[in-house]
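>>> With the input below, show me the fold.
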Amino acid sequence: MAHYTPKERLASPPVEEFGFPYPPYLIQGQLMQELFQVLELGKVGIFESPTGTGKSLTLTCAALTWLAQHEALVERELLQRIGQVEKELAKLDKESEQATDWLGVQGRFQVQREELRQLKHLMELLEKREQQLKEIKDRVKQNKRRRVKQVQQLREKDMSSSDSDSDHETSDKPEDSPEDRYRSVQIFFCSRTHSQLAQIVSELRKTSHHCWVRCISLGSRSQLCGNPQVRALRNIGLMNERCLDMASKKKTQPYPSKKSRSSISNSRCSFKSTDLVESLRDLALSEPLDIEELAKEGASCGSCSYYASRSALNQAQLILLPYQLLLQKSARQQLGINLKGAVIIVDEAHNLLDTLAQLHGSEIGRSQLERARTEITGYKEQCQKRLSTRNLLKINQLVFIVKRLLHLLEAGEGSSPKPARMLRTYELTGEGDFFNIDLHELLEFCSRTRFARKVQGHAARMQREPKPSENQLPQASTRSLLLQRLAHEHKEKERPKQGKRKLEEMEDKMEIKKEEQPPKKAFPDTIPTAIRPLLAFLETLTSNAEDGRILLDQAAGTLKYLLLDPAEQFADILQEARALVIAGGTMQPTQELKKQLFSGLQDRLVERFYSHVVPDDAVLPFVISNGPKGSLLRYNYAQRGSPEMLQELSMVLQNLCQVIPGGMVCFLPSYDYLETLNKHLEQSGILEKIGRRKKVFREVSGLAEQLLEKYTLAVKEAEGGGALLLSVIGGKLSEGLNFADALGRAVLVVGLPYPNRQSPELQQRMRHLDEKLGLGSGNEFYENLCMKAVNQCIGRAVRHIRDYACVYLLDERYANPRIREKLPAWISRHIVEASAGRGGFGAVQARTAHFFKGR
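Numbering: from 1, shown residues only. The predicted structure follows:
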């Protein structure tokens with residue numbers, strides 16, 4: 001694609017020109033101006049702005065202001081340069097009449113003329129793009145006026161205009177970008193969840209930028225598919241397979257015959273009509289829509305929101321997408337995402353390294369391998385006569401690898417499973433005895449021939465076929481079927497004709513019998529094919545041997561690839577992007593992030609850490625080292641379940657509930673410990689005492705949203721004393737949710753949530769960091785995992801400048817200077833240590849009461 005890089009540098013504009021919908025705080029203005037320069041100079045920026053400071057809105061306004069000024073500069077500089085070159089050509093033309101070095105003048109003349117041609121071509125492409133965008137806006141205006149009628153016309157057109165499937169459906173592959181198109185700078189804004197991205201759209205509508213920016217939301221089929229047959233599958237793997245399968249089918253007839261109605265479920269998807277998809281694409285480009293709104297628009301007009309968003313990708317300026325669609329190269333290729341010269345903003349990036357490791361890891365179990373062997377063998381037997389010798393060899397190699405992997409997971413007759421162990425990729429292929437098979441070539445064959453698609457299609461057909469019953473006769477030959485048919489026709493001719501009344505009675509009986517039969521499903525329930533997980537695992541074996549390890553666990557029956565060094569997986573993004581912004585509320589400490597991802601980019605790296613917007617007296621944080629009974633609080637794994645620690649924690653909750661208004665959120669180390677504490681509260685009678693003052697709720701895995709609604713209603717009850725929410729560190733309620741104002745007047749964090757140090761995966765990761773980054777790096781990583789989880793919990797409260805809350809850290813280890821320095825700066829500088837020598841827990845309760853009394 002054509003592209004122009006301006007020579008002039010943009011200066012950061014005044015804060016008032018960023019289109020911020022409110023008067024910005026000091027740190028918001030600073031962040032916008034700093035980020036503007038990071039984008040302009042092509043830097044890598046790491047920004048920390050505490051939760052509740054409007055970070056996402058600030059990032060969006062800064063990025064869009066830079067984009068608007070950059071595009072204006074490109075157009076302005078192109079026009080100026082065209083004028084300059086035309087003047088230089090005119091000057092050279094005059095010089096050539098009197099020049100003695102005619103060849104030299106002609107050479108310069110040729111260079112200038114070629115530059116003018118290229119500049120004018122770029123200008124034409126810009127004008128062409130503006131014309132296309134104008135046409136899109138005009139079409140959207142017309143469509144809104146006659147929406148219902150237009151949808152019906154498009155449906156009729158799709159059904160009757162052509163018999164060619166290619167005329168009606170959009171390609172599942174990304175469209176090849178024509179060279180004769182101008183490529184603008186795009187901004188890819190990614191976050192952890194779609195709900196967080198939906199908040200970006202909501203905030204964007206409050207700014208002046210929503211009037212001009214072309215913003216789209218990308219998601220998977222599970223969020224955007226509107227076809228009820230596909231959505232009914234629920235499993236994302238099955239949805240992808242069904243969608244791809246329907247895309248390759250013939251088109252649905254407008255008026256199917258009775259005979260063909262039963263096969264409608266396997267026909268081409270009517271939602272994937274080109275005209276309908278383009279209509280929805282135009283709408284998505286004309287106004288910002290979040291993922292749910294885009295899906296609703298697709299459902300209302302009968303169009304595919306998934307393909308509409310993909311179709312809009314090339315013309316969009318701001319693309320909102322979750323982590324996995326940006327950070328995985330395979331996902332980018334599937335969606336047609338091109339990061340060349342783009343701006344990338346990764347929000348909520350405190351867990352970026354963990355996310356990269358999870359996305360590029362792979363796991364396959366014994367049952368999946370067995371199913372993959374069955375599917376591949378079945379496909380080979382069915383199609384063996386049609387397969388070339390070369391292709392048959394590749395399929396046999398794949399079957400051999402599966403058998404060898406299954407053999408590695410077998411413990412052997414009469415012997416117990418071996419302990420879990422770590423292997424390098426070449427060690428696994430050596431033990432599996434398939435080291436001499438070229439996995440790159442094998443995977444290229446699978447990709448080129450779309451082998452996974454063929455195998456899963458064959459497997460789906462086998463699942464749909466009725467299973468033979470022991471009571472059924474064996475399948476007859478063609479000759480015997482013909483003889484049976486002739487005999488049946490002869491018998492019918494000899495049978496006496498029945499009257500009309502008799503025939504009607506028989507038909508009625510047949511209809512009743514049909515009604516009594518249960519309705520057939522549109523398609524049978526199927527399980528996801530195992531071929532794709534197998535190929536994903538084999539692909540990890542082709543990576544650099546030092547970048548990862550394979551955990552072979554015979555007892556669990558699994559093979560798991562662990563990515564230890566994410567730098568290679570992130571290198572493509574760094575190389576292609578113009579600028580990269582990593583932002584979060586709890587980014588510190590950043591040494592580990594810089595060493596693993598940006599070790600060779602010190603000259604491009606910019607770090608900025610901002611304080612909270614709330615005044616100093618709006619937060620009162622405590623480190624509670626001793627409980628109400630005076631016991632030293634230490635909630636590690638070995639001691640936290642003791643009667644003494646449970647009793648101290650119960651009394652802390654009971655006493656604080658007496659002096660804290662509104663809502664209290666208590667974060668505990670695990671779900672098991674939450675149940676242990678709840679049982680102790682019930683048996684000791686303290687739960688009943690707390691319940692007289694506040695309603696008590698406890699987090700249940702998978703039911704966070706419903707629980708949050710009930711908790712919110714209880715806090716807002718005028719006559720009630722608020723509510724206590726028992727939650728889990730690292731759970732759904734500890735990240736990304738907002739406990740503003742009365743919902744979170746107090747946050748308690750119990751213990752330090754260190755992960756299990758005996759985990760083979762964690763041990764290997766720590767060992768790798770010690771080897772690569774120096775001794776002690778593994779322990780630093782271990783400690784950072786804990787503190788980032790704690791900091792996320794702390795950030796759930798104090799969400800805006802008028803908010804206030806108390807924070808309680810229950811464990812004497814929080815008094816350690818090494819731990820305190822890893823807390824957010826706006827917390828650590830105001831910490832009140834409540835040890836036995838400093839008034840104990842009584843001082844905590846008194847200062848808490850005084851803190852809320854004046855508010």
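>>> can we go C-alpha only for contacts and neighbour counts from here?
Will do.
>>> ranges for the helices of the stretch 301-450 of the chain?
Here the stretch 301-450 of the chain has its helices, by DSSP state H, counting those that start in this stretch, at 305-311, 323-327, 329-335, 352-359, 366-383, 389-409, 425-431, 439-448.
>>> Deepest-packed of these, please.
Ranked by mean neighbour count, these are led by helix 305-311 with a mean of 27 (mean count of other Cα atoms under 10 Å).
>>> could I get that helix in CSV with only the CA atoms?
Below are the C-alpha coordinates for helix 305-311, written out as CSV (Å, rounded to 0.1, in the frame of the first residue of the first chain):
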residue,chain,number,x,y,z
SER,A,305,-21.3,-8.8,12.4
TYR,A,306,-18.2,-10.9,12.5
TYR,A,307,-17.4,-10.5,8.8
ALA,A,308,-18.7,-6.9,8.7
SER,A,309,-16.1,-5.9,11.3
ARG,A,310,-13.4,-7.7,9.3
SER,A,311,-14.5,-6.0,6.2
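>>> who's in contact with that helix?
170, 216-221, 224-226, 272, 277-278, 280-281, 284, 294-295, 297-299, 335-336 (Cα atoms under 8 Å, 6 or more residues apart in numbering).
>>> Restricted to helices, list those residues.
Among the contacts of helix 305-311, DSSP state H puts 221, 224, 277-278, 280-281, 284, 294-295, 297-299, 335 in helices.
>>> Kindly present the helices of the stretch 301-450 of the chain as a markdown table, with separate columns for mean pLDDT.
Below are the helices of the stretch 301-450 of the chain laid out as a markdown table (pLDDT from 0 to 100):
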| stretch | mean pLDDT |
| --- | --- |
| helix 305-311 | 91 |
| helix 323-327 | 91 |
| helix 329-335 | 87 |
| helix 352-359 | 91 |
| helix 366-383 | 92 |
| helix 389-409 | 94 |
| helix 425-431 | 94 |
| helix 439-448 | 92 |
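>>> Of the ones you listed, give the one that comes closest to G685.
With Cα to Cα as the measure, helix 352-359 is the member of the helices of the stretch 301-450 of the chain nearest G685 (41.3 Å).
>>> for that closest one, packing partners?
For helix 352-359, the packing partners by 3 or more Cα pairs under 8 Å, 6 or more residues apart in numbering; DSSP states H and E come out as helix 323-327, strand 558-563.
>>> Could you give the number of residues near E644?
Close neighbours of E644, defined as other Cα atoms under 10 Å, add up to 16.
>>> Return the residues in contact with it.
Taking Cα under 8 Å, 6+ apart, we find E644 in contact with S631.
>>> for whichever strand or helix holds it, which positions count as buried?
Per DSSP states H and E: E644 is located in helix 643-659. Using 16 or more other Cα atoms under 10 Å as the test for burial, helix 643-659 gives 644-657, 659.
>>> which secondary element of this structure has the worst mean pLDDT?
Counting by mean pLDDT, DSSP states H and E, the chain has its least confident helix or strand at helix 500-516, which shows a mean of 42.
>>> how about the strands in the stretch 151-300 of the chain?
With DSSP state E, counting those that start in this stretch, the ranges of strands along the stretch 151-300 of the chain come out as 187-191, 215-217.
>>> which one of those is the most hemmed in?
Among the strands of the stretch 151-300 of the chain, ranked by average contacts under mean count of other Cα under 10 Å, first place goes to strand 215-217 (a mean of 27).
>>> avg pLDDT for stretch 216-223?
Confidence over stretch 216-223 (mean pLDDT, whole number) is 89.
>>> picking that back up, could you export the helices and strands packed on helix 352-359 to JSON lines, including columns for distance to I690?
Below are these laid out as JSON lines (distance: least, Cα to Cα, whole Å):
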{"stretch": "helix 323-327", "distance to I690": "41"}
{"stretch": "strand 558-563", "distance to I690": "45"}
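>>> Tell me which of the ones you listed lies nearest to A357.
Nearest of the helices and strands packed on helix 352-359 to A357, taken as Cα to Cα: strand 558-563 at 5.2 Å.
>>> Show me the helices in the stretch 151-300 of the chain, by range?
Using DSSP H, counting those that start in this stretch, the helices of the stretch 151-300 of the chain run over residues 194-204, 221-224, 228-231, 236-247, 274-286, 291-301.
>>> Which among the ones you listed is found nearest to R829?
It is, among these and with distance given as Cα to Cα, helix 194-204, at 29.6 Å.
>>> buried set for that closest one?
For helix 194-204, using 16+ other Cα under 10 Å, the buried residues are H194, Q196, L197, A198, I200, V201, E203, L204.
>>> swap in stretch 710-721?
For stretch 710-721, using 16+ other Cα under 10 Å, the buried residues are Y711, T712, A714, V715, K716, G721.
>>> For the second one, list the residues it contacts.
The neighbours of T712, taking Cα under 8 Å, 6+ apart as the test, are L743.
>>> do you know how far it is from L726?
As judged by Cα to Cα, to the nearest Å, T712 and L726 stand 14 Å apart.
>>> The third one too?
As judged by Cα to Cα, A714 and L726 stand 14 Å apart.
>>> Can you show me the helices along the stretch 451-600 of the chain?
Using DSSP H, counting those that start in this stretch, the helices of the stretch 451-600 of the chain run over residues 451-464, 478-494, 500-516, 531-540, 567-576, 591-597.
>>> Spatially, and excluding backbone neighbours, which residue is closest to E607.
Leaving out its chain neighbours, the residue that sits closest to E607 by Cα to Cα, 6 or more residues apart in numbering is I46, at 4.8 Å.
>>> Let me know the helix or strand that the one you found is in.
Element membership for I46 (DSSP H and E) is strand 44-48.
>>> And L126, by the same measure?
helix 102-145.
>>> Tell me which other helices or strands that helix touches.
In terms of contacts (3+ Cα pairs under 8 Å, 6+ apart), helix 102-145 is packed against helix 55-98, helix 274-286.
>>> L405 is nearest to which of those?
Closest among the helices and strands packed on helix 102-145, once you apply Cα to Cα, is helix 274-286, at 44.0 Å.
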